[in-house]
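Participant: Give the three-dimensional model of this entry:
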Amino acid sequence: MEKAKKKILIIEDEKSMARALELKLAFAGFESKAAGNGEEGLALLEKETFDLVLLDIIMPKIDGFAVLEALKEKKIKTPVIVLTNLSQDEDEKRAKSLGAKDFLVKSNTSIATIVEKVGQFLK
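Facilitator: Numbers count the residues shown, from 1 in each chain. Alright, predicted model coming up:
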């Protein structure tokens with residue numbers, strides 16, 4: 001019997017970045033879905049089950065920090081890896097204090113490395 005693919009939710013307002021992640025994740029054998037903002041992402045998390053969330057911080061409607069807070073409030077236990085261009089230590093500390101499992105700076109991390117991290121995390 002074929003093992004079910006791990007499902008990843010990408011919450012990212014930069015369409016080209018979201019698309020590139022979707023393609024690379026699919027190539028690596030994952031199933032993924034993209035949401036263009038925090039509000040959309042939360043709605044999907046309330047309806048469906050995902051194995052992991054890749055979350056941007058700076059987004060329209062609801063930012064990534066608010067998404068992390070909402071997940072905590074709603075007791076949604078899906079692990080989150082933050083992908084952002086914020087590189088301040090305070091941002092990383094805040095994201096991790098809100099439950100993020102990892103914090104990657106997009107400009108310093110290749111998509112291949114992100115996919116590798118996802119693979120390691122979901123093993």
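
Participant: and the residue nearest the centre of the chain, which of the three is it?
Facilitator: Note on the chain: the residue nearest the mean C-alpha position is Leu54, at 1.0 Å, using Cα atoms, centre = their mean. Classification of Leu54 by DSSP: H, G, I helix; E, B strand; the rest coil places it in strand.

Participant: ok, what's across the strand from it?
Facilitator: Per DSSP bridges, the residues bridged to Leu54 are Ile10, Ile81.

Participant: Lys33 looks like it's in a helix, true?
Facilitator: No: Lys33 sits outside any helix when classified using three-state DSSP, being strand.

Participant: Ile11 is in contact with that one, correct?
Facilitator: No: applying Cβ atoms under 8 Å, one finds Lys33 not in contact with Ile11, separated by 9.7 Å. C-beta coordinates here come from the backbone N, C-alpha and C atoms, glycine included.

Participant: who has more neighbours, those two?
Facilitator: Legend: neighbour count by other Cβ atoms under 10 Å for Lys33 and Ile11, higher for Ile11 (29 against 16).

Participant: any weak-confidence spans in this protein?
Facilitator: The model of the chain has pLDDT under 70 over residues 1-3.

Participant: Could you tell me which helix of it is the longest one?
Facilitator: If you go by DSSP state H, the chain has its longest helix at helix 15-27.

Participant: so it versus strand 31-35, what angle?
Facilitator: Using axes from the mean of the first three to the mean of the last three Cα atoms, to 10 degrees, one finds that helix 15-27 and strand 31-35 are set 170 degrees apart in direction.
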